[in-house]
Structures are given as structure tokens and as C-alpha cells.
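Chemist: show me the folded form of this:
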Amino acid sequence: MVVERFLRAGVLDPVGSPAVDGVRRVCVLGAESTGKSSLAEALAGRYETVWNPEYGRPYTELGRPEGAEWTSWEFTHIARIQCWYEDFLATLAHRVLFSDTDAFTTSVFHEVYLGTPATGFEELVERPYDLFVVCGLDVPWRHDGIREFEEQRRWMHGRYLERARSSGSPWVLVEGPLEARLGLVGAAVDRLLDTA
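Modeler: Reported below is the predicted structural model:
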């Protein structure tokens, strides 16, 4: 059934990701330690669907030698796997898929780590979404052994706001406790699904 649903769509979006009948894609953006994962997971629970976790975190925790310098190839790899898994999960989603980050986020981290704009996955950076959610900076930054860019939070937040504003898609900025964020995003998702 999953394969039939995947093939039935039979069309590709402008960056080559398979369109899946009746599934809207919502991308959750935000600087480090702003509650993206918690929100994406909670939204998936509310809408009885699946969510796409951030691939860069397990890659960093499990796939890299400690202290190794980052390379452009790694960011390209992370972006491609993140988007590939998103496309797979879209075939399993119920009406809506929530993604905790996107290839644009990967390009921002490329810039932070390497000091240059990302190349090699530009088509994925421009991947369209039906709704963008930007998590605010009101959540205190917490070091967890992986996060390391507290000083860049405000700059990154500005980049994510610009991505949402310039996307041409609806977007919402969320702040406050998780329940308040769920209420705000839920209203936007409900409007999105009503027009499906």
C-alpha cells in the first residue's frame, strides 16, 4: 500500500522530491535549543502522523571521529539523507508530515562551521514546504554535549525568519511553553488541512 501510494502520486516537485497525495509538509526551524524536536514530536502525536527527526545530530554523535574538522562533503551528505528520509516518511504520513529542520538549516551550519556558503545541495536548500514554523529564542540555551553555538543563536534566528518570510509559503513564529506553541501551530495546520 505504501509503495502504491508513493507511485500513484506520479509527479515530482521542482527539486525532485516525490509528491504524495494528500500529505502536507510542515518544516520546523529554529536556532539551537529552541524546542524544535519537542514541538515536531508533539505535533506528530496530535495529528497521529510521523515526524522527520534531525539527521545531523545522530550523524555527529555516531558517525564522526571526535575532534575531526568538518568538510563540505559531510554537510552535503547530511542534507541529502535528511531530505531522502523526509520523502520516505511522507509515504507513511497521515495527511501531514512534520520535519525537524531542513536542508537550509544544514547550509546555515555549513556557513557557521566552515565560514563559507554551502554548495553541492542548492536544490535541496530551496525545497518548498506548505508551512514553516520558526521557534523563538525565549527558550534558554542548554548545552547537551552537541550544541555549541550559543553566541550565534540570534544570527541564526534571523536567517530562519528570512527563510520563512521569503519562501512564499505561510509561516508562523512560535514562543512560550509547548502547549502555547502547539495551539498556534495547530491553528495554522488546521487551516492548511482544510484547504487540502
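Chemist: all strands for the protein, in order.
Modeler: For the chain, applying DSSP state E gives strands covering 24-29, 51-52, 96-100, 131-135, 171-174.
Chemist: closest one to Thr116 among those strands?
Modeler: Smallest distance to Thr116 across these (Cβ to Cβ): 21.3 Å, for strand 24-29. For every residue, glycine as well, the C-beta is placed using N, CA and C.
Chemist: same for the closest one, what does it pack against?
Modeler: If contacts are counted by 3 or more Cβ pairs under 8 Å, 6 or more residues apart in numbering; DSSP states H and E, strand 24-29 sits against helix 36-46, strand 96-100, strand 131-135, helix 153-166, helix 178-194.
Chemist: would you mind listing the buried residues in the longest one?
Modeler: Buried residues in helix 178-194, defined by neighbour count with 16 or more other Cβ atoms under 10 Å: 181-182, 184-185, 188-189, 192.
Chemist: so which of the strands of the chain gets nearest Arg165?
Modeler: Nearest of these (Cβ to Cβ): strand 171-174, 7.0 Å.
Chemist: export the closest one as PDB, just CAs?
Modeler: C-alpha atoms of strand 171-174 as PDB (Å, rounded to 0.1, in the frame of the first residue of the first chain):
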ATOM      1  CA  TRP A 171       4.700  30.700   8.300                       C
ATOM      2  CA  VAL A 172       4.300  31.300  12.000                       C
ATOM      3  CA  LEU A 173       6.700  32.400  14.700                       C
ATOM      4  CA  VAL A 174       6.100  30.500  18.000                       C
END
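Chemist: on that earlier part again, could I get the buried residues of helix 178-194 as JSON lines with pLDDT?
Modeler: Below are those laid out as JSON lines (pLDDT from 0 to 100):
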{"residue": "Arg181", "pLDDT": "95"}
{"residue": "Leu182", "pLDDT": "96"}
{"residue": "Leu184", "pLDDT": "96"}
{"residue": "Val185", "pLDDT": "97"}
{"residue": "Ala188", "pLDDT": "97"}
{"residue": "Val189", "pLDDT": "97"}
{"residue": "Leu192", "pLDDT": "94"}
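Chemist: contacts for the longest helix belonging to the chain, please.
Modeler: If each helix of the chain is counted by residues according to DSSP state H, the longest one is helix 72-90. Residues outside helix 72-90 that contact it (Cβ atoms under 8 Å, 6 or more residues apart in numbering): 17-18, 20, 23, 25, 50-52, 54-56, 59, 64, 97, 99, 101-103, 106-107, 109-110, 113-114, 118-121, 124-125, 127.
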